[in-house]
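J.: Give the three-dimensional model of this entry:
(chains A and B)
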Amino acid sequence: MTYPIQVQNLTKKFDQFTAVDNITFKVKEGEIFGFLGANGAGKTTAMRMLCGLSLPTSGEAEIAGFDLNKYPEKIKKNIGYMSQKFSLYEDLTVRENIRFYGGIYGLDNEKIKSKTNTMLSTLSLLEEKNTLVKSLPLGWRQKIAFSVAMVHDPKIIFLDEPTGGVDPIARREFWNMIYEVANNGTTVFVTTHYMDEAEYCSRVCIMVDGRIDALDTPLSLKKQFNSKDMNEVFVKLARHSKRTE
Amino acid sequence: MKQFLFFIKKEFTHVWRDGHTLFILLAMPLTQILIFGFALTNEVKNSSIGILDNSKDKASVELIARISASRYFDVVSIIPDNAHIDPTFKKGKIKMALIMPSDFEESLLHSNSAKIQLIADASDPNTATTLINYASAIIRDYQKELMANQDFPNTIKTEIKMLYNPQLKGSYNFVPGVIAMILMLLCSMMTSISIVKEKELGTMEVILVSPIVPLRVIFAKMIPYFIVSMINITTILLLSVFVLEVPIKGNLILLISECILFTITVLALGLLISIVAKSQQIAIFISLMGLFLPTIMLSGFMFPIENMPIGLQLISNLVPSKWFYHIIKNIMIKGSSLQHVWKETAILVGMMLVLVTVSIKKFKIRME
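T.: Below is the predicted model of the structure:
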């Protein structure tokens, strides 16, 4: 078994405040790893460290086989990232967005062209390729943003609350896309605060006050906490939180 | 390198797509030059004046004719008597009144002195002084002609020569100022907005997660605005030479190089703003209050620095536009070469180096 993400005693402090408190975990290849927590629990901070957007105060991590503290540049080539803002340029067309992101990951023109075509036909958006992103509905943007984050076929994809603000049907469809990339061997690391989404994950890690309070498959977690669904598990754990929003 | 090209292409698309902004940016030099050149001028022309002629003799009529013939004055009111002087001023009809005594010609010819009274509306002191000076000059000329065939012993004649700008044209002063203003606005505000916009959109995060070197992101952002700035400088120089008839006396290559130096300095300032500012509004606010206002007030373009309190004079030394304005004015109007402006240029180069270093360092820290 290979572990594309291995985290050891990772900590992030902002002055006196410990946002992420000594977390340790491993993520298996091709797994959909859910990172759960209330607002302010530290899940986004943890993810930002793993993506190289933020430097850890202490601790170690190995991402895609590279040490986070030593080779952040090598890690960057092997990971994809999609934030809750979907991060597309609204004044560029769908095709220009794909071209740009493909370009900054160093894909050549041929590759970008073929990628654009497969991507748009999979999303059945071929007709919209010259439409400005700002005139597309949010659900479509989200799917495009996800495909764009996958444009360079990364080993790991980090999704930061990827379903914020879209309707349930679009969310469902989006999770189908996640399953597909996971089936193709990409490791998916996803933060969310929708508990129904937690049920879709292979394993779930619940953060409370910067620490990991539980980590297991949704099924075992429900058994362990004697709960009927993930929502109940979460409420039982988060009840003890000392942090207020 | 190829990634960099993708980036530059994207930046150009942004600028190109936002047609309204691009239009404003390119039309700005045109409107500024026209406004400053033809509307906002501190030269005094066609000022309304009133005349009270108590003598109505040959000499007074002739002098009045000369005054009303001058392009500085426009006689709008003939005041019947002393009691009407004050009300005419209060109504705002006139800026100056010329009062001829009842025995003007008589005293001019027979006694040695004739008195004329000039009353000016000094609620605007600069205009008042200028009007009085113009009127006195016309009266002096008239007097000189009258005395032409007489020799006065012991008179001192001052011969005045206005160097570099013999016609005392205001445009000589503001063309360099407009260049400084537009570059400041364009480079600092537009670059900071375009960087902060990426932060707001969240695209900056995605870019920082990607393997592209952050420094290249910044350079790519600056290039389109650098080019727009160069276009604007060309527009301003062409307009000032061909429309306002302000000559470029110095070396054109030196002039352009100084403009490029200043452009890079303000681009670095824009980058610095974008590091501090969290939103586009804040970026706009900082560049207007922190850069644009000092450019207008402390560069010497609108208000002479020598007249300011010592504290402000010291502060003005920190404003890059002050040095740039000084350099451009000297090169354009006086025809100075580098050996005359090397000190100011060195200061500007120093500022540029400090700003570029600081902003690049700060930008790296941000992403960590």
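
J.: C-alpha only now, for contacts and for neighbours.
T.: Noted.

J.: helices or strands next to the longest helix out of those in chain A in the packing?
T.: Secondary structure assigned by DSSP state H gives helix A:168-183 as the longest helix of chain A. Here helix A:168-183 touches helix A:138-149, going by 3 or more C-alpha pairs under 8 Å, 6 or more residues apart in numbering or on different chains; DSSP states H and E.

J.: that older thread, next structured bit after the longest helix of chain A?
T.: strand A:187-192 (DSSP states H and E).

J.: Give the partner strands of that following strand in its sheet and their orientations.
T.: strand A:32-37 (parallel), strand A:156-160 (parallel) (DSSP bridges).

J.: which residues of chain B fall in strands?
T.: Along chain B, counting by DSSP state E, strands occupy B:47-53, B:73-78, B:96-100, B:117-120.

J.: likewise chain A?
T.: For chain A, the strands defined by DSSP E occupy A:5-14, A:17-27, A:32-37, A:58-63, A:66-67, A:79-82, A:156-160, A:187-192, A:203-208, A:211-216.

J.: contacts for the longest helix of chain A?
T.: Applying C-alpha atoms under 8 Å, 6 or more residues apart in numbering or on different chains, the contact partners of helix A:168-183 are A:Gly30, A:Glu31, A:Ile32, A:Gly139, A:Lys143, A:Thr163, A:Val188.

J.: Can you check what angle separates that helix from strand A:32-37?
T.: Inter-element angle recorded for helix A:168-183 and strand A:32-37: 130 degrees (by axes from the mean of the first three to the mean of the last three C-alpha atoms, to 10 degrees).

J.: How far off centre is helix A:168-183?
T.: How far helix A:168-183 lies from its chain's middle: 13 Å, per C-alpha atoms, centre = their mean, to the nearest Å.

J.: do the same with stretch B:195-210
T.: Taking C-alpha atoms, centre = their mean, one finds stretch B:195-210 lying 38 Å from the centre of the chain it belongs to.

J.: quick revisit: looking at the strands paired with strand A:187-192, which one is packed in the most?
T.: strand A:32-37 (a mean of 27; mean count of other C-alpha atoms under 10 Å in any protein chain shown).

J.: For the residue nearest in space to the middle of chain A, name its beta-bridge partners.
T.: Among the residues of chain A, the one closest to the centroid is A:Leu159, at 1.8 Å (C-alpha atoms, centre = their mean). Under DSSP bridges, the beta-bridge partners of A:Leu159 are A:Met82, A:Val190.

J.: ok, now which ones touch it?
T.: With C-alpha under 8 Å, 6+ apart, A:Leu159 has these contacts: A:Tyr81, A:Met82, A:Ser83, A:Gln84, A:Val188, A:Phe189, A:Val190, A:Thr191.

J.: residue in the stretch 101-250 of chain B nearest to chain A?
T.: Using C-alpha to the nearest C-alpha, B:Thr203 is the residue of the stretch 101-250 of chain B that sits closest to chain A, at 4.6 Å.

J.: For A:Thr44, see how far away the nearest residue to A:Asp196 once chain neighbours are set aside is.
T.: Closest residue to A:Asp196 apart from its sequence neighbours, by C-alpha to C-alpha, 6 or more residues apart in numbering or on different chains: A:Met230 at 7.1 Å. Using C-alpha to C-alpha, to the nearest Å, we find A:Met230 at a distance of 20 Å from A:Thr44.
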